[in-house]
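Enquirer: quick one: sequence and predicted model below, then my questions.
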Amino acid sequence: MLVTNHEYIIRDAISSEFKKIGKLMVNVYSQLEGFPNKDEQPNYYKTLANIGSLTKNPKTRLLVAVSSNKKIEGAVVYFGDMKYYGSGGTATHEKNASGFRLLAVDPGARGKGVGRLLINTCLQIAKDESQKQMIIHSTKAMQIAWEMYESMGFTRSHDLDFAQEDLQVFGFRLNL
C-alpha cells in the first residue's frame, strides 16, 4: 500500500487488474469531447487498452485508486525514468525528472479527489527518488485536469509541447 485516506487506497496495480484498468482508460478517454476517437488514433487506444504492458519498463508503475468497496476508480502511469515516458517532443530527454501520463478517473468517482490523490502519490514517489521536477502533458480536451494541474503548481512549459498526429499536446512542469 502506498497512500490511504478514508475512502481510497493508492497502490500499484496487480497484473490481474490490467485488463480492467485498460477498459477504464479507453472508456474515459473516448468520452472526452474534442479528443480523437479510436478510429482517428487507434495506436493510442491500443496503448490505453494494454496499459499494464508499460510496467515492463524500468521505474514505470501503474498506480490505482481503490475505493473502500474495492472498486478501481482511477489510475495513472508513473515514470521514474523519462526515457520510457513515451511522448513526442523533448520530454523523454529530461534529466532528474519523473513524469506521469494517462491519468483516468471513473466518471462515477469524479469530484471526489481521486485524480489529485493519484497525482500527489506520483509527486511523493518522485520526491522519494530525489527527482528535481515532474513533467506532464495535457490537451485542450482535458480542461478539468488542466485546471487541476495548474492549481497544484504545474506551469506551462512550451518547450515540452508537441503534436500527436493532428492533436496539439501541451507540456507542464513542476519543480520539486
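Expert: It's in.

Enquirer: now do the contacts for residue 161.
Expert: Applying C-beta atoms under 8 Å, 6 or more residues apart in numbering to residue 161 gives the contacts 89, 168, 169, 170, 171. Heads up, the C-betas are built off the backbone N, CA and C, glycines and all.

Enquirer: what do you get if the cut-off is 10 Å, keeping everything else the same?
Expert: Residue 161 is in contact with 88, 89, 90, 91, 137, 168, 169, 170, 171, 172, counting by C-beta atoms under 10 Å, 6 or more residues apart in numbering.

Enquirer: what subset of those residues is buried?
Expert: 89, 91, 137, 169, 170, 171, 172 (16 or more other C-beta atoms under 10 Å).

Enquirer: which SSE is the last one in?
Expert: To tie it back to what came earlier, the one meant is residue 172. Using DSSP states H and E, residue 172 sits within strand 167-175.

Enquirer: can you show me the CA trace of stretch 97-106 as CSV?
Expert: Output in CSV follows, covering the C-alpha atoms of stretch 97-106 (Å, rounded to 0.1, in the frame of the first residue of the first chain):
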residue,chain,number,x,y,z
ALA,A,97,12.8,14.3,-13.8
SER,A,98,9.8,12.0,-13.4
GLY,A,99,6.5,12.1,-15.2
PHE,A,100,3.0,10.8,-15.2
ARG,A,101,0.7,10.1,-18.1
LEU,A,102,-2.6,8.6,-18.8
LEU,A,103,-4.5,9.7,-15.7
ALA,A,104,-8.1,8.4,-15.7
VAL,A,105,-10.8,8.7,-13.2
ASP,A,106,-14.1,6.7,-13.5
